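Enquirer: What would the 3D arrangement of this be:
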Amino acid sequence: MLESDRQDRARMRLFVHTARIQGSMSAPAFTLTAAQTPLLFAAFMTDDTQALAMGLRQRDPDLLDRLIEQYQQRLYRYLLFLTGNPSLAEDLFQETWIRVLERGSQYNGKSKFDSWLFAIARNLVIDASRRKKISSLEDLGDPDGGTPYDPPDERASSVLQMLVSRENEQSVQLSLLKIPAYYREVLLLRFSEELGLEEIATVMATPISTVKSRLYRGLAALKTAMTEGAA
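Expert: Predicted coordinates for the structure are as follows:
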């Protein structure tokens, strides 16, 4: 198959998936457990990143199709929670997969694919915020301004996690939308996508210390938002 045919075929599938997700994900869900993903492809994805990297270098349209099937809901939810704008999230959803198609050779298989995917999406959000002057997203780069922060013991967050887990899903979603995007992002990646701290640091291109800081600050902000919402 010619290279141009591969790309055209992959792009056509991308538009089909985008149309499908526009009709099925008008309201994202935030939970403290990872989203369910297709099991048939999950083993390949988690156990053989080198094979995945090879497929991306070859721009295999069938591979791209399976990747979109597996990650479409997670990616769209991430983009929608960051932007708070369904139309913009849909545009960035398409653009993210186009970047995956065009720059698949940059994935080396040394990190998890979802970390690489979310990093692409995050950079697109930042670019869009600068072009469209979206003030709520401008601080995704460095919201804390280098202010030193010594987070409490790791166990301190468990109390807040228990609080969140007892709340109904709609209440958590509404409260999340009230806190800054840079806190919303780290909470979504940690608790909904169940990424580890190192993986989140990869997505955000920031030190783990910054991830921990935003995690604790974000949990505190979410607790405040939920308390105010219940008042």
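
Enquirer: CA atoms for contacts and neighbours, from now on please.
Expert: Noted.

Enquirer: And residue 63, how close does it get to residue 117?
Expert: In this structure, residue 63 and residue 117 are separated by 14 Å, where distance is defined by C-alpha to C-alpha, to the nearest Å.

Enquirer: Kindly apply the preceding question to residue 94 instead.
Expert: Noted for residue 94: a distance of 12 Å to residue 117, by C-alpha to C-alpha.

Enquirer: cool, and residue 192?
Expert: Distance from residue 192 to residue 117, by C-alpha to C-alpha: 16 Å.

Enquirer: And for residue 73?
Expert: Distance, residue 73 to residue 117, using C-alpha to C-alpha: 13 Å.

Enquirer: Residue 106 now?
Expert: Counting by C-alpha to C-alpha - residue 106 and residue 117 are separated by 11 Å.

Enquirer: Comparing these two, which residue is more hemmed in?
Expert: residue 117 (18 against 12; other C-alpha atoms under 10 Å).

Enquirer: Next, the contact list for that one, please.
Expert: By C-alpha atoms under 8 Å, 6 or more residues apart in numbering, the residues touching residue 117 are 96, 100.

Enquirer: Now name the helix or strand holding it.
Expert: helix 113-132 (DSSP states H and E).

Enquirer: how about that helix: buried residues?
Expert: Across helix 113-132, burial judged by 16 or more other C-alpha atoms under 10 Å covers 113-126, 128-129.

Enquirer: now, which of those sits nearest residue 54?
Expert: Nearest to residue 54 out of the buried residues of helix 113-132 is residue 113 (C-alpha to C-alpha; 12.5 Å).

Enquirer: Do I have it right that that closest one meets residue 49?
Expert: Yes: contact criterion C-alpha atoms under 8 Å: residue 113 and residue 49 qualify, at 7.4 Å.

Enquirer: returning to that earlier point: which residue in the buried residues of helix 113-132 has the weakest pLDDT?
Expert: On pLDDT alone, residue 129 ranks lowest of these, at 83.

Enquirer: Quick check: that one vs residue 95, distance?
Expert: Remark: distance between residue 129 and residue 95 (C-alpha to C-alpha) = 15 Å.

Enquirer: domains of this structure?
Expert: 3-30+37-135, 156-230 (automatic domain parsing).

Enquirer: Give me the helix or strand of this protein that scores worst on average pLDDT.
Expert: Within the chain, no helix or strand scores below helix 39-47, which has a mean of 42 by mean pLDDT, DSSP states H and E.

Enquirer: Now the element after that helix, going C-ward?
Expert: helix 49-57.

Enquirer: Which parts of the chain are helices?
Expert: Taking DSSP state H as the test, the helices found in the chain are 3-24, 39-47, 49-57, 61-83, 86-102, 113-132, 156-166, 169-176, 181-187, 197-204, 208-230.

Enquirer: burial count for residue 110?
Expert: Neighbourhood size, residue 110 [other C-alpha under 10 Å]: 10.

Enquirer: List the contacts of the residue lying closest to it once chain neighbours are set aside.
Expert: In space, and not counting its chain neighbours, residue 110 is closest to residue 49: 7.2 Å by C-alpha to C-alpha, 6 or more residues apart in numbering. Contact analysis of residue 49 by C-alpha under 8 Å, 6+ apart lists 109, 110, 111, 112, 113.

Enquirer: From residue 89, how far out is the second one?
Expert: So the one you mean is residue 110. For residue 110, the distance to residue 89 equals 28 Å [C-alpha to C-alpha].

Enquirer: Right, I'll leave it there.
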